[in-house]
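In: A structural model of the following input is requested.
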Amino acid sequence: MAKESTKKEMDMLHGSLWNKILLFALPLAASSFLQQLFNSADIAVVGRFAGSRALAAVGSNGAIVNLLVNIFVGLSVGANVVIARYLGENNRTKVRSAAHTAVLISLISGVIITCIGLIITRPMLRLMSTPDDIIDLAVVYLRIYFLGMPFIMLYNFGSAILRSRGDTKRPFICLVVSGIINVLLNLFFVIVCKLSVVGVGIATVISNIISSSMLLYFLTHEPGPLRIKIRSLRIDGAILKDIVKIGLPAGLQGVVFSASNVCVQSGLNSLGSDVVAGSAAALNFEFFAYFLLNAFSQACVTFTGQNYGAGNYKRCSRVTLWCLGIGMLATTILCWTFIIFGNTLIRFYITEPAVVEIGLMRMRYVLAFQIINVVMDVLSGSMRGMGYSLVPALISIVGVCGVRLLWVYTVFERSHTFMTLILVYPVSWAVTSLTIAAAYIIVKRHISKTRSVAQPLTE
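Out: Coordinates of the predicted model:
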């Protein structure tokens, strides 16, 4: 692979780690920030120019979208790990087959999500007790959004392919271009054309088409075994099995997470449209914090995957420690910046005093505890990079989702207030992080005892 390597490829197997982790994680975090800005721009524009009902209609849909897409996003994580492992092993043939398999999976999964999403949109919103004054607007926005799912999936899987070799910069470039276009189209469709939620939905779909098309261009012109040839797109059954073994647990974890968040969202909906709007505005800052910490989790997945494939087990431990340390520091700085300047920042999305106060309350009680999430995500990423994907998935399903469901149907039922409901987030994070930390120690001891034996791709 030496002749075909480029400056875009990062050597994850040798040299210092902290600077390479930063070079990997920061563009990835910036890419996620821009992707979230698609939704933030939607919310800001409709909140400012179409009112709080339109804001609530757009901002309350995240749980449903995530419920459908997370299982396939989990598969993209599996593709990332598998390709990174083959790169560490220097297996060019497997790298090429895995890349083409991943692209075809992305297109198929996007079509599946679109079909399901168009059918279940209104029933799901009804099930979530969406207020009558916003449900029609929410249905329209969601159906338009789901039409763009093949392009969203293509971008996610394409990014995972490039990420496996350490390239997080070009996905960032794609989102810079499409993000600017998205904001401009939002303003045009909502202010000039008076299309409200229809306008922001159309703008989001167009921007996703642009970002995925740019990424596909990069992949079809990529040197070496990661280069995608459209005529060569086919699914390798053995590689698909490996991707599913690693990615499916992560995807199911995301689905169950989203299911529990649907229950939380139902609780929010029962408190009225002002609470829904204020919570939706504050949620944007939680997304930014999560994307930052998740960038270090993804760095841990990829660096660990390559080093585990190369047999560098001690370096895997160093990767985990660096990702934990830098991730916790960066997340703490960002979250407290949001909290300190929250009164100014929240008004970017909404200006109604009652709604602003609700948003500020959520920021104070949730962002301050995001550091716990770093431990949970990075240690999960480390175990996935080593092929132990089922372990963190099961723990997270029981810990996070189980606690949230139990909380909503017991504690929240007895104390039906907004503050009681949002406290479920730090409580569920704390329980799960402690359990995952214990599991990580057990997995490391198991690997230490068996590392002289050839390691399987998954547990």
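In: would you confirm that Asn373 contacts Phe291?
Out: No - Asn373 is beyond contact range of Phe291, at 11.3 Å (criterion: C-beta atoms under 8 Å). The way it works is simple: take the backbone N, C-alpha and C, and place the C-beta from them, glycine included.
In: now the helices: where do they sit in the stretch 1-150 of the chain?
Out: 18-49, 52-59, 62-89, 92-127, 135-147, 149-163 (DSSP state H, counting those that start in this stretch).
In: sorry, back to before: what about Asn373 and Phe291, which has more around it?
Out: Asn373 (27 against 20; other C-beta atoms under 10 Å).
In: enumerate every residue touching the more buried one.
Out: Taking C-beta atoms under 8 Å, 6 or more residues apart in numbering, we find Asn373 in contact with 289-290, 293, 331, 429, 433.
In: now it: which helix or strand?
Out: Using DSSP states H and E, the element containing Asn373 is helix 370-385.
In: residue nearest the centroid of the chain?
Out: In the chain, the C-alpha nearest the mean C-alpha coordinate belongs to Phe291, at 6.9 Å (C-alpha atoms, centre = their mean).
In: now that one, nearest residue through space, not along the chain?
Out: The shortest distance from Phe291 to any residue other than its chain neighbours is 3.4 Å, reached at Ser32 (C-beta to C-beta, 6 or more residues apart in numbering).
In: any idea how far Gly251 is from that neighbour?
Out: 18 Å (C-beta to C-beta, to the nearest Å).
In: now do the buried residues in the helix or strand immediately after the helix holding Asn373 in the chain.
Out: Counting by DSSP H and E, the next helix or strand C-terminal to helix 370-385 is helix 390-396. Residues of helix 390-396 classed as buried: 390-393, 395-396 (neighbour count, 16 or more other C-beta atoms under 10 Å).
In: Phe303 sits in which helix or strand?
Out: Secondary structure from DSSP H and E places Phe303 in helix 273-310.
In: which of the helices of the stretch 1-150 of the chain is buried the deepest?
Out: Ranked by mean neighbour count, the helices of the stretch 1-150 of the chain are led by helix 52-59 with a mean of 28 (mean count of other C-beta atoms under 10 Å).
In: other SSEs contacting the helix holding Phe303?
Out: Here helix 273-310 touches helix 18-49, helix 52-59, helix 62-89, helix 237-269, helix 313-340, helix 353-367, helix 370-385, helix 418-422, going by 3 or more C-beta pairs under 8 Å, 6 or more residues apart in numbering; DSSP states H and E.
In: between the ones you listed, which gets the lowest average pLDDT?
Out: Mean pLDDT across those is lowest at helix 52-59; the value there is a mean of 70.
In: contacting residues around Thr420?
Out: 411-412.
In: quick check, distance from the helix holding Asn373 to the centre of its chain.
Out: 13 Å (C-alpha atoms, centre = their mean, to the nearest Å).
In: go on, stretch 325-341?
Out: 18 Å.
In: that one: which residues count as buried?
Out: Quick answer for stretch 325-341 (16+ other C-beta under 10 Å): 326-328, 330-332, 334-335, 338-339.
In: repeat that for stretch 160-175.
Out: 160-172, 174-175.
In: can you give me the end-to-end span of that stretch?
Out: 15 Å (C-alpha to C-alpha, to the nearest Å).
In: repeat that for stretch 361-377.
Out: 25 Å.
In: what do you get for stretch 45-56?
Out: End-to-end for stretch 45-56, by C-alpha to C-alpha: 12 Å.
In: same question for stretch 12-19.
Out: Stretch 12-19 has an end-to-end distance of 11 Å (C-alpha to C-alpha).
In: buried residues, that stretch. List them.
Out: 12, 17.
In: just stretch 314-321 next, same as before
Out: 315-317, 319-320.
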